[in-house]
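Participant: Pasting the sequence and the predicted coordinates here, then a few questions.
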Amino acid sequence: MDALSRVLQLADVQGALDLRCLLAGRFEIGHEPSATGEAPYHLVLGGQARVQVPGGSVVTLREGDLLLLPHGSAHALRDAKNGSGRASPMKVNASGPLPVRTNTDGVAELDLLCGRFTYATGSADIVMAALPEVLHVSLAEHRDTDALRGVVGMLRTEIAAMAPGVHAVVTGLSQALFVLAVRAYLVRTDIPPSLLLLLADSRLSNAVLAMLRHPEEPWTVESLAARAAMSRASFARHFAAKGNTSPRELLTVLRMRTASGLLSNGKLAIGDIAERVGYQSEAAFGKVFARHTGMPPATFRRASRTAVAPR
């Protein structure tokens, strides 16, 4: 598994489709800030729209465009006409597999999918924290046009057919959309120092991948520098410049996220989990884990199981 895929797995990024919007004429839909651990997105299947994003700027969305708000920022969706007149009233039909919000009984001028990505908070939000407040991926400008066009086309087909299993298929495709959005961001030249910038570096990413694959290893700057085929001094300097962190700090974060997953989804004893992420002492592991997550490992495990217990 490559480094980006492993990081996304650790962050537990999951796609969820909330509703389809079929709109015409004048409209404005406000969106409050999302809950912690949620990043809303909008995907245009047809037509155009405008979105007022944080800072007051306006982004125009066209067919195939994806707008992602990694930090869950408040925003407003508006028609593309920018004219005057009264906004049409909205209604939601929730009788089908996917709720549909509309303001017209005629032909829709905008076909829009609205959803959100959920992710683990705490040490795992390193992915969302590394993304900008607003990430706009344009089909017309995206380098990997064929892949993005293919995903959008499949989404359009699934939504039109509404065949059995449509929700599962659309949810899986939205996951692919997220990866494509991150890829589009990684090719930019203005990325600030972050984990994603480390992953975009052909040499430094080898060191990050080594930590991800074997968090139990007693990694040192020297051994990680060897993975990156760099001298110790050069590796430490470039790692800090591109990651805005040290190898030791990142290793701790990755270890704690791996431990979080094992505590939430497995039955291993806490002492065994400590060893799997590089700690010989359960007490030392517990101290670091509590500092990063705000609770001891046993409390975290109970809270995780309570959160997913069936009602």
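Facilitator: Thanks, I have the structure now. Numbering: from 1, shown residues only.
Participant: surely Tyr185 meets Ile191?
Facilitator: Yes - under the criterion of Cβ atoms under 8 Å, Tyr185 makes contact with Ile191 at 6.9 Å. In this view, the C-beta of every residue, glycine as well, is placed from N, C-alpha and C.
Participant: So for these two, which residue has more residues nearby?
Facilitator: Higher neighbour count among Tyr185 and Ile191: Tyr185, with 19 against 16, using other Cβ atoms under 10 Å.
Participant: export the helix or strand harbouring the more buried one as CSV, just CAs?
Facilitator: Using DSSP states H and E, the secondary-structure element containing Tyr185 is helix 166-186. Once non-C-alpha atoms are left out, helix 166-186 reads as follows in CSV (Å, rounded to 0.1, in the frame of the first residue of the first chain):
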residue,chain,number,x,y,z
VAL,A,166,-27.1,2.6,-5.6
HIS,A,167,-26.2,4.1,-2.2
ALA,A,168,-23.3,1.7,-1.7
VAL,A,169,-22.0,2.4,-5.2
VAL,A,170,-22.3,6.1,-4.9
THR,A,171,-20.6,6.1,-1.4
GLY,A,172,-17.7,4.1,-2.8
LEU,A,173,-17.4,6.5,-5.8
SER,A,174,-17.4,9.5,-3.5
GLN,A,175,-14.3,7.9,-1.7
ALA,A,176,-12.6,7.9,-5.1
LEU,A,177,-13.5,11.6,-5.5
PHE,A,178,-11.8,12.4,-2.3
VAL,A,179,-8.5,10.8,-3.4
LEU,A,180,-8.7,12.6,-6.8
ALA,A,181,-9.2,15.9,-4.9
VAL,A,182,-6.2,15.2,-2.8
ARG,A,183,-4.1,14.3,-5.9
ALA,A,184,-5.2,17.5,-7.6
TYR,A,185,-4.0,19.4,-4.5
LEU,A,186,-0.6,17.6,-4.4
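Participant: can you pull the buried residues of it?
Facilitator: Residues of helix 166-186 classed as buried: 166, 169-170, 173-178, 180-185 (neighbour count, 16 or more other Cβ atoms under 10 Å).
Participant: what do you get for stretch 110-118?
Facilitator: Of the residues in stretch 110-118, those buried by neighbour count under the rule 16+ other Cβ under 10 Å are Leu110, Asp111, Leu112, Leu113, Cys114, Gly115, Arg116, Phe117.
Participant: Do me a favour and average the pLDDT over that stretch.
Facilitator: The average pLDDT within stretch 110-118 is 92.
Participant: Val152 is in contact with Asp65, isn't it?
Facilitator: No - the pair Val152 and Asp65 does not pass the contact test of Cβ under 8 Å, sitting 9.2 Å apart.
Participant: Pretty sure Leu113 sits in a strand.
Facilitator: Yes - assessed with DSSP: H, G, I helix; E, B strand; the rest coil, Leu113 lies in a strand.
Participant: That one - nearest residue in space that isn't next to it in sequence?
Facilitator: Counting by Cβ to Cβ, 6 or more residues apart in numbering, the nearest residue to Leu113 once its immediate chain neighbours are dropped is Leu43, at 4.5 Å.
Participant: List the contacts of Asp125.
Facilitator: The neighbourhood of Asp125, defined by Cβ atoms under 8 Å, 6 or more residues apart in numbering, consists of Ala11, Gly37, Tyr119.
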